[in-house]
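Q: What follows is a protein structure lacking sequence information:
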């Protein structure tokens, strides 16, 4: 039976778990679906295939071309002076073509009933894809604005379950893991444009008058061949003849024109590399007088909820195993309990299902061919009578 983890502040020796959810019994008492009439409603499901139906159940998007929004309250917390770990799994069983698969950390006091895409959030994290554009979003707040990661982070676009982990550290660094493997990390100020740049182009600098930025020059030893301009682009078509029914009263017949096969177009002088070329001129950098350091970029403010707010063209994504805490080791233990077995066994389960469906498809079509061939034999038999 699936373990129920109630959303509460759980003090552990390793750290504090602000929130965890495995969507066991009574999950609907902990979550509120958006009241927006046009939004779809999440349903509890392990999907069409699974390792353990009871354990693998999460909340699934059931209807195509819908927005979905659902949220759960969390006892208020901050990440001041501590690490923050946000972790969850998502299975895009439907082979997601266009839509989101991310979660949001929401501020204290947000409106659950009216939760939608306009609701302010503190973190948005997770995969997003549409066509060939496949990526993982990390969007963080700073002074009332949200900033997306500037360096592209890959996602896992297949239809297996994958675990996404975001770690934000009090030293202003972050890390993203997919299936417990690091895919990116670095300083926040180098990956999110929260601060003014440390350096700017020197506005007082000007390109020197003698700066050579032409990479090539005309070849002075290249000359236009004699008679080049004497070759016309069009000539008379000497193979044409006046039609027998031509009426000279309508005017003198003239042979049509055709393109001259010897015409070479406008002559252009060859170019050669410019020995004086210095490359594009770039203004020198100076310290930006508007730059300031901020040792608190990592702080997200006071959180009070977690939510999933997405749009999907083709539905079928299953969200599960949400963890929010301040200790990486605790998140790792949660992963071992909720994700490790699924990651190990799920590919074989999916392959077995694919093989079964392929065999069934082949059998059905072979049967159709046999029926067609039988009808053909019946026709031949009747013709012999």
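A: Received the coordinates, thanks. Computed from a prediction, not measured in an experiment: that's the story for all the values here.
Q: Distance of residue 227 relative to residue 220?
A: Computed as Cβ to Cβ, to the nearest Å, the residue 227 to residue 220 distance reads 21 Å. Bear in mind the C-beta positions are built from the backbone N, C-alpha and C, glycine included.
Q: Model confidence for the closest residue to residue 128 other than its chain neighbours, exactly?
A: Distance criterion Cβ to Cβ, 6 or more residues apart in numbering; nearest residue to residue 128, sequence neighbours excluded, is residue 100 at 4.8 Å. Residue 100 is assigned a predicted lDDT (pLDDT) of 90.
Q: Am I right that residue 100 is in contact with residue 310?
A: Yes. Residue 100 sits in contact with residue 310 when judged by Cβ atoms under 8 Å, with a separation of 3.8 Å.
Q: what about the two, which has more around it?
A: residue 310 (25 against 22; other Cβ atoms under 10 Å).
Q: Make sure the more buried one is indeed in a helix.
A: No. Applying DSSP: H, G, I helix; E, B strand; the rest coil, one finds residue 310 to be strand, outside a helix.
Q: gap between it and residue 124?
A: 10 Å.
Q: what residues are shared contacts of those two?
A: residue 102 (Cβ atoms under 8 Å, 6 or more residues apart in numbering).
Q: What helix or strand is residue 71 located in?
A: strand 66-77 (DSSP states H and E).
Q: Quick one: mean pLDDT for that strand?
A: Mean pLDDT, computed over strand 66-77, is 97.
Q: Check which helices and strands that strand sits against.
A: strand 16-21, strand 32-33, strand 303-312 (3 or more Cβ pairs under 8 Å, 6 or more residues apart in numbering; DSSP states H and E).
Q: Tell me how many other residues surround residue 145.
A: For residue 145, using other Cβ under 10 Å, the count is 9.
Q: Now do it against residue 194, distance only.
A: Residue 145 sits 8 Å away from residue 194, going by Cβ to Cβ.
Q: Do I have it right that residue 115 meets residue 307?
A: Yes. Counting by Cβ under 8 Å, residue 115 touches residue 307, with 5.7 Å between them.
Q: which residues do those two both contact?
A: With Cβ under 8 Å, 6+ apart as the test, residue 115 and residue 307 both reach 69, 70, 71, 106.
Q: The second one against residue 32, yeah?
A: By that I understand residue 70. Yes. Residue 70 is within contact range of residue 32, at 6.9 Å (criterion: Cβ under 8 Å).
Q: who's more crowded, those two?
A: More neighbours surround residue 70 than the other of residue 70 and residue 32, with 23 against 18 (other Cβ under 10 Å).
Q: quick revisit: make TSV from the helices and strands packed on strand 66-77 and add distance to residue 173 and mean pLDDT to it.
A: Shown next, in TSV, are those (distance: least, Cβ to Cβ, whole Å; pLDDT from 0 to 100):
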stretch	distance to residue 173	mean pLDDT
strand 16-21	20	97
strand 32-33	34	96
strand 303-312	20	96
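Q: In TSV: these, plus distance to residue 187.
A: Formatted as TSV, the helices and strands packed on strand 66-77 follow (distance: least, Cβ to Cβ, whole Å):
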stretch	distance to residue 187
strand 16-21	25
strand 32-33	37
strand 303-312	23
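Q: closest one to residue 156 among those strands?
A: strand 303-312 (16.5 Å; Cβ to Cβ).
Q: Off-centre distance for the closest one?
A: 18 Å (Cα atoms, centre = their mean, to the nearest Å).
Q: helices and strands around it, which ones?
A: strand 16-21, strand 66-77, strand 98-100, strand 103-107, strand 317-325.
Q: For these, give me JSON lines that also has distance to residue 255.
A: Output for those, formatted as JSON lines (distance: least, Cβ to Cβ, whole Å):
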{"stretch": "strand 16-21", "distance to residue 255": "86"}
{"stretch": "strand 66-77", "distance to residue 255": "69"}
{"stretch": "strand 98-100", "distance to residue 255": "60"}
{"stretch": "strand 103-107", "distance to residue 255": "77"}
{"stretch": "strand 317-325", "distance to residue 255": "71"}
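Q: Quick one: closest of the ones you listed to residue 151.
A: Once the helices and strands packed on strand 303-312 are compared by Cβ to Cβ, strand 98-100 is nearest, at 19.6 Å.
Q: Can you tell me what sits against that closest one?
A: Everything outside strand 98-100 that qualifies as a contact, by Cβ under 8 Å, 6+ apart, is 126, 127, 128, 129, 130, 131, 310, 311, 312, 313, 314, 317.
Q: neighbours around the fourth one, how many?
A: What that stands for is residue 129. Neighbours around residue 129, by other Cβ under 10 Å: 19.
Q: Tell me the helices and strands packed up against the helix or strand it falls within.
A: Element membership for residue 129, per DSSP H and E: strand 123-130. Judged by 3+ Cβ pairs under 8 Å, 6+ apart, the packing partners of strand 123-130 are strand 84-92, strand 98-100, strand 103-107, strand 133-142, strand 161-169.
Q: which stretch in those has the least confidence?
A: Lowest mean pLDDT of those: strand 98-100, a mean of 90.
Q: where along the protein do the helices fall?
A: Along the chain, counting by DSSP state H, helices occupy 53-56, 188-191, 328-338, 340-384.
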